[in-house]
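In: Sequence and predicted model, in that order:
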Amino acid sequence: MSRTTLDLWVGVFVAMGIAALLFLALKVGSISGSDVQSPYTLSARFDNIGGLKVRAPVKSAGVLVGRVTEIRYDNEHFQAEVVFSVDGRYKFPTDTFANILTSGLLGEQYLGLDPGGEEKTLAPGEVIKKTQSAVVLEKLISQFMFNKAAEGDQAPAK
Amino acid sequence: MGDVLRKLGSLAVNGVWQLGFIARFFVLILRYSGQSFLRLHLTIRELYFSGVMSLLIILVSGLFVGLVLGLQGYEILQRYGSSEAMGTMVALSLLRELGPVVAGLLFASRAGSAVTAEIGLMKVTEQLKAMDMMAVNPIARVVAPRFWGGVVSMPLLAALFSTMGIFGGWLIGVVFIGVDDGAFWSQMRAAVDFRYDVLNGVFKSTVFGVAVALIAVFEGYDCVPTAEGVSRAITRTVVSSALAILALDFVMTSFMFRGL
């Protein structure tokens, strides 16, 4: 085989390979960071974060506005501190409420932001004070069971 | 008892010796790579033989793996009423594991064995010695181009394998079964991350390329120069490449995906 046809085939092969890589990068995967532009960080303390993980989405009104960047244990307050980056285009009022929610019944957990009515907005690095912990299924069930049991005790007395 | 211990000892010594030899060989290849890149058409020729010639088997097997993943994935996911997650399942399993590993195994048996046979036969017919006598370095002239041909083509082949597999999954899911097209792609895009999934897969396949190419050229260069020796070297190439790929895959997976 002459050298030029060989070069041509190798060129076709390499071009195909690079096209496949581009397809995987752009069409199949989303380049991380591109969905969060010029981010700033905020943090929030929770009594219990449940199954929240680093890189979990941060959503407000169901729209992705950022990602969780760090989760650490705060030994002073005995709480979990969740640090997350928020897209620079979005500002949230200082009385924003942070919840840990679950998408679907068995889906992944995410951080939900419910904005309040305050005029001032959260500056980068600020801590959200109003939080609600993740719903732990065991606690929910035991609460339900105890309520039922309490009802059962009352019923015969009446 | 003494015999058994002696045997064990000689096995260990031989193993360590072989490992040292392969490491020295690797360093030699890297040292003479620059010299072989001066004549780039040698490497391009090897790219043709190990990359372009493996294209057909890689594309066809990628398609079939994707088709099977689509069928099996649908079968399981529809029990939980989440057949839209099919795209995610197909893409993640291909990008993280199946793409690099299966493409690596195919590459080892398709191209690695050919490289070993070629170098082994050169050794049997004393072409390597002849080159040495003509002051042509056989590592720069024969070994390094074959090594780099394998290293460059492996990640490209793995990417093509994954792409064909995703296409196969899409064919089964969207075209034949009727999963919603938009949900298929959007769920896939939401779950697949460029750095964690795509780049880790590329990294894996590059490491497999280095491992397979090194084993192939080493076994060819190291073979006993007889007909039987060459055939044994080819067998060893395929067996040890497969073991190396699977073992390296386990090690890399345990470092890359630690349940984050």
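Out: Received it, and whenever you're ready, just let me know what you need. Residues are numbered from 1 along each chain as shown, chains lettered A, B, ... in the order given.

In: which intervals of the chain have sub-threshold pLDDT?
Out: You didn't say which chain, so I picked chain A. Low-confidence segments of chain A (pLDDT under 70): A:1, A:30-36, A:104-107, A:154-158.

In: That was the other one, I meant chain B.
Out: Residue ranges of chain B with pLDDT under 70: B:259-260.

In: Quickly find the element holding the single nearest residue of chain B relative to chain A.
Out: Going by Cβ to the nearest Cβ, chain A is nearest to B:Leu156 of chain B, at 2.6 Å. (Glycine included, C-beta is placed from N, CA and C.) Taking DSSP states H and E as the definition, B:Leu156 sits inside helix B:144-170.

In: The residue of chain B closest to chain A and A:Val10, how far apart?
Out: Going from B:Leu156 to A:Val10 by Cβ to Cβ, to the nearest Å gives 11 Å.

In: of the two, who's got more company?
Out: Neighbour count, other Cβ atoms under 10 Å in any protein chain shown: between B:Leu156 and A:Val10, B:Leu156 has more, with 26 against 23.

In: which non-adjacent residue is nearest whichever residue of chain A sits closest to chain B?
Out: Closest to chain B within chain A is A:Gly17: 2.6 Å, counting by Cβ to the nearest Cβ. Nearest-residue entry for A:Gly17: B:Leu156, 2.6 Å, with adjacent residues in sequence omitted and distances by Cβ to Cβ, 6 or more residues apart in numbering or on different chains.

In: from memory that neighbour sits against B:Gly51, does it?
Out: Yes: look at B:Leu156 against B:Gly51 with Cβ atoms under 8 Å: they come within range, at 6.7 Å.

In: is chain B contacted by the strand ranked longest in chain A?
Out: Longest strand in chain A by number of residues, with DSSP state E as the criterion: strand A:63-74. No: using Cβ under 8 Å from any Cβ of the partner chain, strand A:63-74 never reaches chain B; the gap is at least 8.9 Å.

In: Would you enumerate the residues in contact with the spatially closest residue to A:Leu64 that is not a sequence neighbour?
Out: Nearest non-adjacent residue to A:Leu64, counting by Cβ to Cβ, 6+ apart: A:Pro57, 5.3 Å away. Going by Cβ atoms under 8 Å, 6 or more residues apart in numbering or on different chains, A:Pro57 touches A:64, A:66-68, A:110-111.

In: which one of the residues you listed has the most neighbours?
Out: A:Leu111 (27 neighbours).

In: Skipping its backbone neighbours, what lies nearest that one in space?
Out: Spatial nearest neighbour of A:Leu111, chain neighbours left out: A:Val58 (4.5 Å); criterion: Cβ to Cβ, 6+ apart.

In: So that neighbour lies in a helix, does it not?
Out: No: remark: A:Val58 does not belong to a helix; assigned using DSSP: H, G, I helix; E, B strand; the rest coil, it is strand.

In: Does it touch A:Gln109 like I think?
Out: No: contact status for A:Val58 versus A:Gln109: not in contact, 11.3 Å apart, counting by Cβ under 8 Å.

In: Which residues does stretch B:251-258 contact?
Out: By Cβ under 8 Å, 6+ apart, the residues outside stretch B:251-258 that reach it are B:96-97, B:196, B:200, B:203-204, B:207.
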